[in-house]
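**Q** have a look; sequence and predicted model below, questions after that.
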Amino acid sequence: MNAALETIEISLTVNGERVKRSVPARLNLADFLRIELELTGTHVGCEHGVCGACTVRVDGEIVRGCLMFAAQADGCTVDTIEGLSDTREIEELQSAFVLTNALQCGFCTPGVLMAAQALLRDEPNPSRERIREYLSGNYCRCTGYQAIVDAIEAVAKARAARSVR
Amino acid sequence: MSEFDEAAKTLLFDAPNSYVGRSVTRPNARRLTQGRGQYVDDIVLPRMVHVAYVRSPHAHAKILKIESKKAAAMPGVVRIVAGAEIALVCKPYVGVLTHLQGMRSPPQYPLAIEVARWQGEPLVAVVAQSRAEAEDAVDAVEVRYEELPAALDAERALDPSEPKIHKEFDSNLCFQRTVDTGGVDAAMKSAHLVVEDTIHFGRHTGVTMEPRAILADYNRAEESMTVYHCGQSPHMMQGIIASRLSLDEHRVRIVARDVGGSFGIKIHTYGDEIAACALSLMLGRPVKFAADRLESFLSDIHARDHRVMAKLAVDRDGNMLALEIDDLTGIGPYSMFPRSSGVECNQVLNLTGGPYKHKEYRARGTVVFQNKNMMCQYRAVGHPIAVAVAEHMVDQAAAKLGIDPAEMRKKNLIADDAYPYKSPSGMRFEALSHHQCIDKLLALMKYDELRREQSDLRKKSVYRGIGLSSFIEVTNPSPMFYGVGGARIAAQDGCTIKLDANGAIVAATGVTEQGQGTETIMAQIAATALGVEMSCVKVLTGDTDKVPYGGGTWASRAAGIGRARAEGEYPPGRRGDPQDERLRSRHRRRKSGEEGHRAGHHPRRARAHLLLPRQRTARGFPA
């Protein structure tokens, strides 16, 4: 039998829930989340690591869901847009996106939000240039990015203002 | 609803409780930020199977033999179907429009039969339990081809030595049109200066973040077909699928929920999508086709493959006398169904030089077949070509005469008091204001200052460019475009406004949402027209079972065309129903302040005050 079709037992924590599945060795993490776990907020735009729509968090670091095998996530903690929404971890960013209309069709948005949250966690006060650079791996074909940068910058500034007080 | 209130002498937008003209957030955006959108590939139905396609690796080839035994035995494979078998249940389509006289294109089938005519054309459908298994089996289908010489270069397409793509036609010509005011040659001859150039444009495509996708669900018991489609014009698609698959139109339901970008590429008839519907009909179960990115590059329509030769004649003072263009465009092997691939060229002829007042114009458009992926209308159809050509020629002439580019434009733009105006190409323009516009623009950009800075910097070997461009955008053009020439594109969009028993408003509209904010715009308009809070308006789009017949969203039409409908305009001579009139009279009274509605007071804040009466109205109590 083709090695890619061999199944592998994996157990991992997804959005705080323990999950056990038997998956084909070739199944990527994005497809695993979408097809096996029905977490369809993770989108597949290019399937070769360019567009960023499938960005998820594995053990605290953001990764391209299409460039990682599900089997590699065995034993890991995975967070998706659904998890970050339910825990309200990114509520402030989501509100800023809505307020500044930083999305149109919304297909890229979950991936953009995952990346934005990772940036603000590591660098609480990034410049606009830094925001643009950090998001260079997330394509948006509708907005032209301006409002996306505005939204992320607004959240960074609001957080900075709060921490000063 | 008129925008002008005769009694109050105010515009509707000035009313304190107007949502129109006010910036609001989009109610559906919150859902999308939480990953709770529903794009076609997110939908899973019971017994659903997936299709992947064998696509031609050649630009032009005879299909000698398709061997699929090995593939059919692979894990998960449900069925393998070639073009001829699809053709048993699906009628071919022809992408010509009657108003583009003389246009021709042969019948096209969803999957190629006998001959493949572009690299990427689908030939064989492989249906399997999962997309991955379908792709595995695609690799195992053996197709024997006899490669044929390909006609690739549009400039050589009409050369008798070029391979002919369709045996039923004497050449690779699809369509030709000429516009001629008659005096171009004389004007060129007597002109002080004639500038001339040839401009080549490369192909573009839309590259939506969400690749094309369709999920067709044929129900044999009901003889009905439900199609989840990431498209822009559900009713058009309903007509196409019903007619091609010989189904009753009212038993075909198209649902376009969230669409991950469209830009004009998701409004055409793609063989791989129609074949998925045909397969569902054949199998009696849901069939999903979701293109991957490589397929998108091979099969999404392209646009803007043009070569334009242009000549502009001007007098000594820079006044434009005559413009001549010759546009050649290669569209791939077929004209796209149902909107045709001739419209882009047609628009180039209609629009080139549009804002300028030259009297003489001659334009020839030639549309040819070639063995490349198909071209069709995409975002701002024809405009970029027309504008690039005209502006380039105007700049060339200005440079030769030593006239400032802004001055050159002011000299030649149609006067603001010249309307209604008919352009030499026959376009009718009303109430445009190019001069007001350019004056404002030059002041805003501090044009003279920028020019001085530019020339100072040039002395230091710093080269900066300043570009000016004027154009007229054709948008919301009415039945003049919608449905003309026989394409099933509604010119009669509707919006049904329903008042439910709790006083909420449900607005179902024929225009669709692909990220433009259509649903929000319709909610703003309906709430303003009816005098209710926007939060109590629910907007339905993109479901042919639930919304009135309409043309969908493309060419900037959603807000303009959907607007009048959501405002609740009645056909002449028909009055609104009494319940609706009661709501309106409440709104009017509130506007005039009779009900304590204070100026500048947003209705959202006045909720408690307004909600009860609205509920009373809904339940039939006297307003």
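**A** Sure thing, it's come through. Residues are numbered from 1 along each chain as shown, chains lettered A, B, ... in the order given.

**Q** element containing the residue in the stretch 451-600 of chain B that chain A sits nearest to?
**A** Proximity of the stretch 451-600 of chain B to chain A (Cβ to the nearest Cβ) peaks at B:Gly515, 3.2 Å away. All C-beta spots, glycine's among them, are computed from the backbone N, C-alpha and C. In this structure, B:Gly515 sits in neither a helix nor a strand according to DSSP states H and E.

**Q** that one: how many residues sit nearby?
**A** Look at B:Gly515: counted by other Cβ atoms under 10 Å in any protein chain shown, it has 26 neighbours.

**Q** check the one 10 residues further on too.
**A** Other residues near B:Ile525 come to 29 when the count uses other Cβ under 10 Å.

**Q** I'd say it and B:Arg563 touch.
**A** Yes - contact status for B:Ile525 versus B:Arg563: in contact at 5.8 Å, counting by Cβ atoms under 8 Å.

**Q** where in chain B is pLDDT low?
**A** Applying pLDDT under 70 to chain B picks out residues B:1-5, B:8-17, B:564-623.

**Q** name the SS class of B:Asp258, please.
**A** What DSSP: H, G, I helix; E, B strand; the rest coil gives for B:Asp258 is coil.

**Q** I'd like to know how far it sits from chain A.
**A** To chain A, B:Asp258 is 7 Å away according to Cβ to the nearest Cβ, to the nearest Å.

**Q** which residues touch the residue nearest to that residue when sequence neighbours are not counted?
**A** What sits nearest to B:Asp258 in space, not counting adjacent residues and going by Cβ to Cβ, 6 or more residues apart in numbering or on different chains, is B:Gly37, at 4.0 Å. By Cβ atoms under 8 Å, 6 or more residues apart in numbering or on different chains, the contact set of B:Gly37 is A:41, A:106-107, B:31, B:257-258.

**Q** same question for B:Thr98.
**A** By Cβ under 8 Å, 6+ apart, the contact list for B:Thr98 reads B:485-486.

**Q** pLDDT at A:Glu61, what is it?
**A** On pLDDT, A:Glu61 comes in at 98.

**Q** and the residue of chain A closest to chain B?
**A** Closest to chain B within chain A is A:Gly41: 1.9 Å, counting by Cβ to the nearest Cβ.

**Q** isn't that residue right next to A:Thr109, touching?
**A** No - between A:Gly41 and A:Thr109 no contact is recorded; they are 9.2 Å apart, counting by Cβ under 8 Å.

**Q** could you check how many residues crowd around A:Asn125?
**A** A:Asn125 has 12 nearby residues by other Cβ under 10 Å.

**Q** what do you get for B:Asn319?
**A** Per other Cβ under 10 Å, the neighbour tally for B:Asn319 reads 16.

**Q** how about the residues of chain B near chain A?
**A** By the rule Cβ under 8 Å from any Cβ of the partner chain, the part of chain B lying against chain A is B:25-26, B:29-39, B:41-42, B:44, B:75, B:130, B:132, B:206-211, B:258-263, B:292-293, B:514-517.

**Q** show me where chain A has strands.
**A** A:7-14, A:17-24, A:55-58, A:61-64, A:77-79 (DSSP state E).

**Q** can you say which of these is nearest to B:Met427?
**A** Of all the strands of chain A, it is strand A:55-58 that lies closest to B:Met427, at 46.6 Å by Cβ to Cβ.

**Q** what does the biggest helix by length in chain A contact?
**A** In chain A, assigned by DSSP state H, the helix with the most residues is helix A:146-164. With contacts defined as Cβ under 8 Å, 6+ apart, helix A:146-164 is touched by A:92-93, A:96-97, A:99-103, A:112, A:116, A:119-120, A:124-126, A:128, A:131-132, A:135, A:140.

**Q** report the contact partners of the residue lying closest to A:Ala3 once chain neighbours are set aside.
**A** Closest residue in space to A:Ala3, ignoring its immediate chain neighbours: A:Ala25 at 6.4 Å, by Cβ to Cβ, 6+ apart. Contact analysis of A:Ala25 by Cβ under 8 Å, 6+ apart lists A:3-8, A:69, A:71.

**Q** which of those are buried?
**A** Taking 16 or more other Cβ atoms under 10 Å in any protein chain shown as the criterion, what is buried in those is A:69, A:71.

**Q** flag the least confident of the contacts of A:Ala25.
**A** A:Ala4 (69).

**Q** outline the domain layout of chain A.
**A** A:3-84, A:90-164 (automatic domain parsing).

**Q** quick one: low-confidence parts of chain A?
**A** A:1, A:4, A:165.

**Q** would you state the helices of chain A in chain order?
**A** Using DSSP H, helices in chain A cover A:29-31, A:81-86, A:91-99, A:109-122, A:128-134, A:146-164.
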